[in-house]
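Q: Give me a model of this one.
(chains A and B)
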Amino acid sequence: MMTQEPRPIAQRMENAFPETMNARLFSRFMVDATVSDQILQSLSQAQRDFGFGLYSSTTTGSTNEIIPVFVDEPLQVRRMRDAKCVEFQFLPSIAQRKRHGMWRGDWKPTLPPDLDHAKRTADRVELARRTSGRPDALIGAAVAAANVAQDVRFFIDCGFDYICLIVDGCYEPSPGQRVSLAMCNETIDIARKVRDQSDRRSFGIRVAASGSPRQVAEWLRDGIDAIAIDAWVQDRAPATTAAAPVESFGGILIESARTAPGNAAWLYSSIRDFYAEIRSEQSFFAG
Amino acid sequence: MAHAVNETLEIQIANHNVARLDSVISQFVRSLPSDSSSGDSLPASIHFTGASGQDYLGAGLNDLTSILVSGSAGKFAFCGMDNCECTLEGNAGDYFGHSLASGLLICQGSVAAGVGAMARSGLVAVYGTAGDRAAVSLRGADVLIRGNAGTLAGLDMRQGTLIIGGVAGEGLGTGMRGGVIFLRGDAPNISQDIEEHRLREPDRLKLGLLLLKAGIKTTVGKEFRVFRPRSESA
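A: Numbering: from 1, shown residues only, chains lettered A, B, ... in the order given. Below you'll find the predicted structure:
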């Protein structure tokens, strides 16, 4: 397989996080799920040790992380200051995803009534860019992989730097808590085709998908800028953390009847293993 | 250019990144002579001059006592402002006071579409008229328009207060889920999502306080009509 040159956006992303080894792998747990302190600690440790990409938590904003901005919530402009990467979430924010048994519906794209026009969305992109105070700040959009072609065109027109397509959405780090929305290879093909037909060849594509280290290495070589590996990590969670929805006597799905253990060391070791495997893949094909 | 006059810092906006007025202020405070009485602390009030329709003016300003801006502002002026008292002497573009977190924001001219959109708390007051979709998706703040408002005022409003002193455009209160609208003038086509209520004493008190806070000295009589969402009153 031919090795492609790194895309400009990928270079910019690595420039944006110079102190990290590789921010092309990341987690969306902090925006898609309600994570415990233990999970947060494991993710932060992986960020420090491997340069694993993370979103800023809602409480502690760090300029070295991806700042999530939910389009259906008031803009928190101060969090965007000095940000290197801001990502607009075209999905309902966590606070609105508390209805038991309605998980699938939660992944529908959301648009507030004042965002019915590409121009109005473009204004928000410019706001994020100007507020960050960095001309090289990356402004992205995360959306469920449903109408991929239309969404890629729309976000290119709005002036975003990249799109994050959620193919496999993980709403808890526990196994089974996942929504698969599309086939990843097909999604990537459509997104790349639309991007290549546009006048914005530098437009970045990120995916949140379930894939082995070998598949992820291939996707990265094929021009995907970054991949959220939550689904892979989720599959490695110990069985005791299983917290599948259970049906109550009333026929209503409730979130979880079991308590997850406090130790989330498995999460860190899973990410470490992924890095080890992907390094092995990359060195094998590079050689 | 900047200079401190009697505890007021005067700054010419000129070519600065107006979306980062916080940085501009810090920069000018540092540039003041060390024997200045203000030292490193911020002056009691800051006067920005030379605003000429720049977009994103004062976005995310926080924890400043008093700001006066001479001139006009573009879209998203004072978006996400928190704990400040700001007065704009001219007109403003779309989304004036979008996502306001707290404080007082006054526009002495007129504003375009989406004034006070998604504002969470505080008061946005407009002395002139407002364009379409005033207070769209309002989340708890108070929005006062002394003049007329365009179409779809209070669209998808969830919480808070919208006061319209003049005439409201078509579709007033469309998709409104919470909060209250006070209307002094007429409305040609009111949405089916809201219904009229009697102006009660608490409403009158609230109106009086908000008008006073916005710097409008008047007595509140029966000329105001009150609208609330149908579901809320059911």
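Q: all contacts plus neighbour counts: C-alpha atoms, from now on.
A: OK.
Q: What are the boundaries of the helices in chain B?
A: For chain B, helices defined by DSSP state H occupy the ranges B:21-31, B:201-213, B:230-233.
Q: Just the CA atoms of the longest one, as PDB, please.
A: Read it as helix B:201-213. Extracted in PDB, the C-alpha atoms of helix B:201-213 (Å, rounded to 0.1, in the frame of the first residue of the first chain):
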ATOM      1  CA  GLU B 201     -49.700  43.100  40.400                       C
ATOM      2  CA  PRO B 202     -46.500  40.900  40.500                       C
ATOM      3  CA  ASP B 203     -46.300  41.400  36.700                       C
ATOM      4  CA  ARG B 204     -46.600  45.200  37.100                       C
ATOM      5  CA  LEU B 205     -43.900  45.200  39.800                       C
ATOM      6  CA  LYS B 206     -41.600  43.100  37.700                       C
ATOM      7  CA  LEU B 207     -42.100  45.400  34.700                       C
ATOM      8  CA  GLY B 208     -41.500  48.500  36.700                       C
ATOM      9  CA  LEU B 209     -38.300  47.100  38.100                       C
ATOM     10  CA  LEU B 210     -37.000  46.100  34.700                       C
ATOM     11  CA  LEU B 211     -37.800  49.400  33.100                       C
ATOM     12  CA  LEU B 212     -36.100  51.200  36.000                       C
ATOM     13  CA  LYS B 213     -33.000  49.000  35.700                       C
END
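Q: mind putting the helices of chain B in JSON lines, mean pLDDT and distance to chain A included?
A: Output for those, formatted as JSON lines (pLDDT from 0 to 100; distance: least, C-alpha to the nearest C-alpha, whole Å):
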{"stretch": "helix B:21-31", "mean pLDDT": "81", "distance to chain A": "9"}
{"stretch": "helix B:201-213", "mean pLDDT": "94", "distance to chain A": "22"}
{"stretch": "helix B:230-233", "mean pLDDT": "64", "distance to chain A": "20"}
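Q: could I get the ones you listed as TSV with mean neighbour count?
A: As requested, the helices of chain B are exported to TSV (neighbours: other C-alpha atoms under 10 Å in any protein chain shown):
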stretch	mean neighbour count
helix B:21-31	16
helix B:201-213	15
helix B:230-233	12
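Q: Which secondary structure element is home to the closest residue to A:A142 other than its chain neighbours?
A: The shortest distance from A:A142 to any non-neighbouring residue, by C-alpha to C-alpha, 6 or more residues apart in numbering or on different chains, is to A:C164 (4.4 Å). In this assignment (DSSP states H and E), A:C164 forms part of strand A:162-166.
Q: Listing partners with orientation, what would you give for the helix or strand that that strand is followed by?
A: Remark: after strand A:162-166, the chain's next helix or strand is strand A:168-170, criterion DSSP H and E. Neighbouring strands of strand A:168-170 in its sheet, by DSSP bridges, are strand A:178-180 (antiparallel).
Q: Buried by neighbour count: which residues of the strand it pairs with qualify?
A: Residues of strand A:178-180 classed as buried by neighbour count (16 or more other C-alpha atoms under 10 Å in any protein chain shown): A:178-180.
Q: In CSV, list those residues along with pLDDT.
A: Listed next are those as CSV, based on pLDDT from 0 to 100:
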residue, pLDDT
A:R178, 77
A:V179, 80
A:S180, 82
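Q: Between those residues, which sits nearest chain B?
A: Using C-alpha to the nearest C-alpha, A:V179 comes nearest to chain B of these, at 29.2 Å.
Q: what about stretch B:135-155 and chain A, touching?
A: Yes. Counting by C-alpha under 8 Å from any C-alpha of the partner chain, contacts between stretch B:135-155 and chain A involve B:136-137, B:155.
Q: State the distance from the most centrally placed residue in chain B to A:A226.
A: Closest to where the C-alpha atoms of chain B average out (C-alpha atoms, centre = their mean) is B:V124, at 2.2 Å. B:V124 sits 41 Å away from A:A226, going by C-alpha to C-alpha, to the nearest Å.
Q: same deal with B:A77?
A: According to C-alpha to C-alpha, B:A77 and A:A226 sit 34 Å apart.
Q: can you list the residues of chain B near chain A?
A: By C-alpha under 8 Å from any C-alpha, the residues of chain B that approach chain A are B:17, B:19-20, B:56, B:59-61, B:76, B:79-80, B:98-99, B:114, B:118-120, B:136-137, B:155-156.
Q: neighbouring contacts of the strand holding A:C164?
A: A:138-145, A:148, A:152, A:155-156, A:181, A:203-209 (C-alpha atoms under 8 Å, 6 or more residues apart in numbering or on different chains).
Q: hey, C-alpha coordinates of the lengthiest strand in chain A in PDB?
A: Looking across chain A with DSSP state E, the single longest strand is strand A:138-144. What follows is strand A:138-144, C-alpha atoms only, in PDB (Å, rounded to 0.1, in the frame of the first residue of the first chain):
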ATOM      1  CA  LEU A 138      -8.800  24.600  14.300                       C
ATOM      2  CA  ILE A 139     -12.600  24.900  14.200                       C
ATOM      3  CA  GLY A 140     -14.500  21.700  13.700                       C
ATOM      4  CA  ALA A 141     -18.000  20.200  13.700                       C
ATOM      5  CA  ALA A 142     -19.000  16.900  15.100                       C
ATOM      6  CA  VAL A 143     -22.100  15.300  13.700                       C
ATOM      7  CA  ALA A 144     -23.700  11.800  13.600                       C
END
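Q: ok, A:D37 - how many residues close by?
A: Using other C-alpha atoms under 10 Å in any protein chain shown, A:D37 has 12 other residues around it.
Q: For A:H117, the count of nearby residues, please.
A: A count of nearby residues for A:H117, using other C-alpha under 10 Å, gives 12.
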